[in-house]
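J.: no sequence on hand, only this structure:
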């Protein structure tokens, strides 16, 4: 993409009013703009990152479930059937349509998926099932803040499992736990599963996934041992029930709580030298709630010996919130530092002099070759000062910069800069190309 | 995907209450379920098709514009600024949030994009720009009907162009015209651009794209000559202004109108033997409305000789509606007949006897090899009668079926069926694989 033809507005100064780094950087680098309190438009830079995060979530969910897509607007009747319409409170955006029917903007979808499953599934042979969707949700936060981290309209992946018994449901829960660890790992962040309250979803078993970050909204208490756990299990099969259970026990067996579930007497059992406190950002939440919704909404399937009420769980990932969480976990004084898997472009090309023929020719050539090699590249071809362009690239956080100027070209080289380490290397254009397409 | 582990509910009987073929087939084949009047959940089969249609739209839009993503919920103030909040009428879903602020579920985004562009673009050097997004919209139809064809919540691609003058804006309009012809062509449907009213969007120049279909909601009057126009222009460049203008003139120069814009005196000029009437489904709509929004909302950029008010256009494609329109244009008595580009899976494998070892072994082998070759395959591995499975495959409309049974295998062959033509061919499994991976 040529920057001269893009809508990538960068603010010269850090915006006032934003309290945390990710919110400031998302505004300054032009990822989002607020269009109403807690509601954001994703400009092209932000949209590209959002789509990459979404795609990683999708690919890992496809390994354990099947995608579908439920609507944003729901009927209040559905929520009356499950019994939580009145209980949900003012965070639910309640809507009346032109025929005076009570509707709402879905904050979650347990009720709807239970009704859909009930209407189309009759036999125990059709279980287990894991269904998920990635759709916009709305929670009318009293005080939206921190940009997309606590917005009102947000993109969420929510999955729902249906099993014939508790053992099956636990296996579904363990599978999602593994899928989550893999999902966050691919994004370059470490999210720790912590025992959680179920809140308005209800249920017996629940874990939140928290990214450690000094600006996180949750206060954390954890055993330093969790920092040592390697959550990545490359070889682990989703069909290996024993290994999944062992993973669950290891990943959740060490004390790690938010202030909501913190228990002083258990905390006292953690050796003092291993007690850690800090802050974190919730990026996922999984629930096992058994027959709460299936019972309330009359979901039953016929089994070999009579009717069975499926046991359910639900599994959420805050897709849009993750964009902010990744920035909180990965930025420096100069701007965002994207992990490569979610970077809007892998490479940025900067010409230090847009009026120098050789510079422009070298940049055009590298741009064409990187594109041809399938490398996502942003080419800052504007007639701007080199320093301004370099500052913009640092701010936008692309993993690699190729800096091209007349002085280097005289010696036959360009500079390749690694955004994370700051290392710069002088390479011939051919060697730069080889390095970045390797 | 194995059907035995999927949520692909097929109805045994054609559903009552659905008036048109696409609506019936989308319910019967399990693409969607209605969750409230005019609001649908997309089950996995429908979601796959929806995503393919969306991706084709995206790829063609990426050739002329840049993607972003605006939210579904908008502030009423934005629409007051553009002056159309009160004018919009009861189709707008108006919402009051917990702080009693007036909001709405966006039916379109001219107001918001104009405000975003105004806040971040200052110089004529930053024009022209074409921005688009693909997002859910809501129009509170008085009488939603025809399934996703006239639903209330629907997925739309809407693009917006900003140019320095009318000539530039016309070029943007012509580019989108070409992008639309290519988009619909890739989906295997022919959509004819017809002169249209601008309605509440406003403006001077407007065309609708209509797919000819006996169940279409619009009445059409057209010169038979439009049927002869080849709208595909493979070699045409988006930078060739003359060729784009010539395309526009050819594509829109022949009489083709809906009942809304039909003019009897012009119609009389069409030779009687070329006069055609019929019905059609609107799948796209493009508008050039000049400075209507930029003026009302104070969007100006500084030019070399003073301020310039950008000239704008907007360009919509009904993404979810297209799924219905494609089915209207492509089905038979047995079910849906997907064009390959939008098919949920390319190949379906059916075992005629799930209890025959050789049959299952051959099916598993072909399934594994098709997957390894990257061919999207649905494998009906259920313990069901062969006839039921074949009926399901016809209904779901996958382009190719591989039918495997003990009788054929004795002779070393499987059957490969083309869903569109009904042709069946006996081939060795290796030859079937070669044919479908070619």
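T.: Sure, I can see it. Source: prediction; values computed, not measured.

J.: show me where the stretch 101-250 of chain A has its strands.
T.: A:102-105, A:129-138, A:153-163, A:191-195, A:205-212, A:218-223 (DSSP state E, counting those that start in this stretch).

J.: how far away from the center of its chain is the second one?
T.: Taking the mean C-alpha point of strand A:129-138 and that of its whole chain, the gap between them comes to 14 Å (C-alpha atoms, centre = their mean, to the nearest Å).

J.: who does it pair with, and is each partner parallel or antiparallel?
T.: Strand A:129-138 sits in its sheet next to strand A:66-67 (parallel), strand A:153-163 (antiparallel), going by DSSP bridges.

J.: tell me the domain boundaries of chain A?
T.: The record's domain split for chain A, according to automatic domain parsing, is A:3-336, A:345-437.

J.: nearest to residue A:367, of the strands of the stretch 101-250 of chain A?
T.: Among those, the nearest to residue A:367 by C-beta to C-beta is strand A:153-163 (31.4 Å). All C-beta atoms are positioned from the backbone trio N, CA, C, and that covers glycine.

J.: need the domains of chain A in a markdown table (columns: mean pLDDT and mean neighbour count).
T.: Converted to a markdown table, the domains of chain A look like this (pLDDT from 0 to 100; neighbours: other C-beta atoms under 10 Å in any protein chain shown):
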| stretch | mean pLDDT | mean neighbour count |
| --- | --- | --- |
| domain A:3-336 | 94 | 19 |
| domain A:345-437 | 97 | 18 |
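
J.: out of the ones you listed, nearest to residue B:146?
T.: Nearest of the domains of chain A (C-beta to C-beta): domain A:3-336, 16.7 Å.

J.: just the helices in the stretch 201-350 of chain A please.
T.: Under the criterion DSSP state H, counting those that start in this stretch, helices of the stretch 201-350 of chain A are mapped to A:225-228, A:241-252, A:264-267, A:292-296, A:319-329.

J.: which one of the domains of chain A lies closest to residue B:262?
T.: Closest to residue B:262 of the domains of chain A, according to C-beta to C-beta: domain A:3-336, at 29.7 Å.

J.: can you get me the start-to-end distance on the closest one?
T.: Domain A:3-336 has an end-to-end distance of 18 Å (C-alpha to C-alpha, to the nearest Å).

J.: gap between it and the chain center?
T.: Mean-position distance between domain A:3-336 and its chain equals 9 Å (C-alpha atoms, centre = their mean).

J.: which residue packs closest to residue A:147, ignoring adjacent ones?
T.: residue A:23 (3.4 Å; C-beta to C-beta, 6 or more residues apart in numbering or on different chains).

J.: so which elements touch whichever strand or helix holds the one you found?
T.: According to DSSP states H and E, residue A:23 maps onto helix A:21-28. Applying 3 or more C-beta pairs under 8 Å, 6 or more residues apart in numbering or on different chains; DSSP states H and E, we find helix A:21-28 packed against helix A:319-329, strand A:331-332, strand A:335-336.

J.: what residues are up against the closest residue to residue A:261 other than its chain neighbours?
T.: Distances taken as C-beta to C-beta, 6+ apart put residue A:195 closest to residue A:261, at 5.3 Å, once the chain neighbours are dropped. Shown in contact with residue A:195 (C-beta atoms under 8 Å, 6 or more residues apart in numbering or on different chains): A:206-207, A:252, A:256-257, A:261.

J.: what do you get if the cut-off is 7 Å, keeping everything else the same?
T.: Shown in contact with residue A:195 (C-beta atoms under 7 Å, 6 or more residues apart in numbering or on different chains): A:207, A:252, A:257, A:261.

J.: residue A:398 too?
T.: A:338, A:343, A:345-348, A:378, A:419.

J.: wait, does stretch A:80-91 contact chain B?
T.: Yes. Using C-beta under 7 Å from any C-beta of the partner chain, stretch A:80-91 comes into contact with chain B via residue A:90.

J.: give me the contact status of stretch A:383-392 with chain B.
T.: No. Stretch A:383-392 lies out of reach of chain B by C-beta under 7 Å from any C-beta, never closer than 8.5 Å.

J.: one step back: dump the strands of the stretch 101-250 of chain A into CSV; add distance to residue B:391 as well.
T.: Supplementary listing: those in CSV, determined by distance: least, C-beta to C-beta, whole Å:
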stretch, distance to residue B:391
strand A:102-105, 37
strand A:129-138, 23
strand A:153-163, 26
strand A:191-195, 45
strand A:205-212, 42
strand A:218-223, 53
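
J.: closest one to residue B:120 among the ones you listed?
T.: Nearest of the strands of the stretch 101-250 of chain A to residue B:120, taken as C-beta to C-beta: strand A:153-163 at 20.4 Å.

J.: alongside chain B, which residues does the stretch 51-200 of chain A contribute?
T.: Neighbours of chain B within the stretch 51-200 of chain A, by C-beta under 7 Å from any C-beta: A:66-75, A:90, A:93, A:95, A:97-98, A:103, A:112, A:116, A:119-120, A:129, A:131, A:136, A:138, A:140, A:142, A:153.

J.: list the contacts of the closest residue to residue A:376 other than its chain neighbours.
T.: Leaving aside its sequence neighbours, residue A:376 sits nearest to residue A:345 (C-beta to C-beta, 6+ apart; 4.4 Å). By C-beta under 7 Å, 6+ apart, the contact list for residue A:345 reads A:376-378, A:398.
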